[in-house]
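coords please:
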Amino acid sequence: MRRSRYTAVAVQSQHSWAGALADVLHLTDGASVTRVAVARCLLVASALRVALSAVARRVAAVGRETVRKALAGDLPRDRDTLERHLAAGFRRHLPRSFQEHPIPIAIDTHARPFYGDYENTPGVVGGKPKDGAKWFWGYATAVALVPGHRHTLGLTAMCPGDTPDALVERLLAQLGWAGVKVRYVLLDRGFYSARVANALARRQLRFIIPMVRRGKAVQPLFRRGTRGWFEHTIRCRKCRADSATVRVAVVPGHDGRRPLVFACSDGFDRLPRVVLEYRTRFGIETSYRQLGECLARTTSDDPVYRLLLVGVSLLIRAWWMAGGTGTLATTRWDLIIIFTPNTATATTTGPMAQTPAATELPNTP
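Model prediction:
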């Protein structure tokens, strides 16, 4: 007989998520709606990937404006405070081994397209054209690369004028608050700079960063047939005083033509090891896909509120990983069933009951 996935432990665990989210976000009870009811609205909106206003009546039995005002009154005014709250939420369910043994981590950026008036909207950053947009809401995350434990360790919002080393410093600070010991750091080529290398060297952290083909000095490293270890000095284009000397690992590419070139710190002795370890960085892309699977929608231009929705999505993912039961898709269904009264019977009224497909979970396996 097939075992049901709706076990007592799983249901009890997800019932506690609303209270845990209210604690993480420091929500307070209002005159018309409780803190737990607001947290339930956030969880269901994320699971359904709809706006918060679309679930307020069904989940909390109050108007959408009541929920909006209650949440707006409890949200911090600055993103730094909210980032600290979310970092504390990530820290709650990290395995104890992360504090006892050094682990590899990956740092990367994630962009959500913005199609509005970027000149009058604070918090959007420019970037390479993608999905028909040149401006984005940007976020940087740090993720553990331990197999089976790809936990999100830190989250920070990208602000106009932020440099790559500033993002790295903020994420490493969050890892320090969590007590996570770092074995080495894998970064995207967007973090290739002397300041990033120096920031990691000051913390005595090993790193691997793909090298950018920029300048005459690096051209020989990208020639066909090049292989081995080299030494290179990265210089900052804006400030010539900033420089960092790194080891360069050059490995033949998959096609045998263009080699793979990585800037590394000391501590990596074999070329194949550099490539194999860097390939594990792509596990962070899975976390971004799962972030999109449970991200509530909004048209708000408030960067703090948008950071909140991204943080709630990553918290759902973190709690799902800590529970170790089912898939993320089934977890989303459980949240809808647990926190939405009469989900199965409501077909004619309510914002989520327009059609049978109103509660359909897109992109589920």
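
helix, strand, or coil at residue 231?
strand (DSSP: H, G, I helix; E, B strand; the rest coil).

go ahead and confirm it touches residue 247.
Yes. Look at residue 231 against residue 247 with C-beta atoms under 8 Å: they come within range, at 6.2 Å. Every residue, glycine included, has its C-beta placed from N, CA and C.

between the two, tell me which one has more neighbours.
residue 247 (17 against 8; other C-beta atoms under 10 Å).

now the nearest residue to the more buried one once chain neighbours are set aside: how far from residue 270?
Distances taken as C-beta to C-beta, 6 or more residues apart in numbering place residue 264 nearest to residue 247, at 4.9 Å, with adjacent residues excluded. Taking C-beta to C-beta, to the nearest Å as the measure, residue 264 falls 11 Å from residue 270.

please say which of these two ends up with more neighbours.
The residue with more neighbours, out of residue 264 and residue 270, is residue 264; 21 against 10, by other C-beta under 10 Å.

and that one, how close does it get to residue 47?
Residue 264 is 41 Å from residue 47, by C-beta to C-beta.

cool, and residue 84?
Distance, residue 84 to residue 47, using C-beta to C-beta: 25 Å.

also residue 203?
On the measure of C-beta to C-beta, residue 203 and residue 47 end up 38 Å apart.

these two - which one has more neighbours?
More neighbours surround residue 47 than the other of residue 203 and residue 47, with 28 against 14 (other C-beta under 10 Å).

wasn't the more buried one part of a helix?
Yes. Membership of residue 47 in a helix is supported by three-state DSSP.

contacts only, for it.
Applying C-beta atoms under 8 Å, 6 or more residues apart in numbering to residue 47 gives the contacts 294, 316, 332, 333, 335, 336, 361.

which ones are touching the residue nearest the centre of the chain?
For the chain, the residue sitting closest to the mean C-alpha position, by C-alpha atoms, centre = their mean, is residue 141 at 4.6 Å. Neighbouring residues of residue 141 by C-beta under 8 Å, 6+ apart: 107-108, 110, 152-156, 171, 284, 287-288, 314.

check residue 179 too.
Contacts of residue 179 (C-beta under 8 Å, 6+ apart): 91, 98, 99.

which SSE is the residue nearest to the centre of the chain in?
strand 133-144 (DSSP states H and E).

the contacts of residue 141 in helices, which ones?
171, 284, 287, 288, 314 (DSSP state H).

which of the residues you listed has the largest number of neighbours?
For the ones in helices among the contacts of residue 141, the largest number of neighbours (other C-beta under 10 Å) sits with residue 314, at 26 neighbours.

nearest residue to that one other than its sequence neighbours?
residue 152 is the one closest to residue 314 (C-beta to C-beta, 6+ apart), at 4.9 Å.

state the distance from residue 339 to residue 288.
For residue 339 relative to residue 288 (C-beta to C-beta), the value is 25 Å.

next one: residue 259
Distance from residue 259 to residue 288, by C-beta to C-beta: 28 Å.

check residue 52 too.
Residue 52 is 22 Å from residue 288, by C-beta to C-beta.

same question, residue 79
Taken as C-beta to C-beta, the span from residue 79 to residue 288 is 19 Å.

I'd say residue 314 and residue 291 touch.
Yes. Between residue 314 and residue 291 there is a contact under C-beta under 8 Å: 6.0 Å.

how about residue 235, what does it touch?
194, 242, 243.

the same query, at a cut-off of 10 Å, please.
Taking C-beta atoms under 10 Å, 6 or more residues apart in numbering as the criterion, residue 235 is in contact with 193, 194, 215, 217, 241, 242, 243, 244.

now, of those residues, which are buried?
193, 194, 242, 244 (16 or more other C-beta atoms under 10 Å).

narrow those to those in helices?
Those of these lying in helices (DSSP H): residue 194.

sorry, back to before: phi, psi of the residue nearest to residue 247?
As for residue 264, its main-chain torsions (degrees, to the nearest 10) stand at phi -130, psi 160.

hmm, residue 184 and it touching each other?
Yes. Between residue 264 and residue 184 a contact is recorded at 9.3 Å, counting by C-beta atoms under 10 Å.

I'd like to know how many residues surround residue 109.
21.

okay, now the residue nearest to it when sequence neighbours are not counted: neighbour count?
Of all residues not flanking residue 109 in the chain, residue 140 sits nearest, at 4.8 Å (C-beta to C-beta, 6+ apart). Using other C-beta under 10 Å, residue 140 has 23 neighbouring residues.
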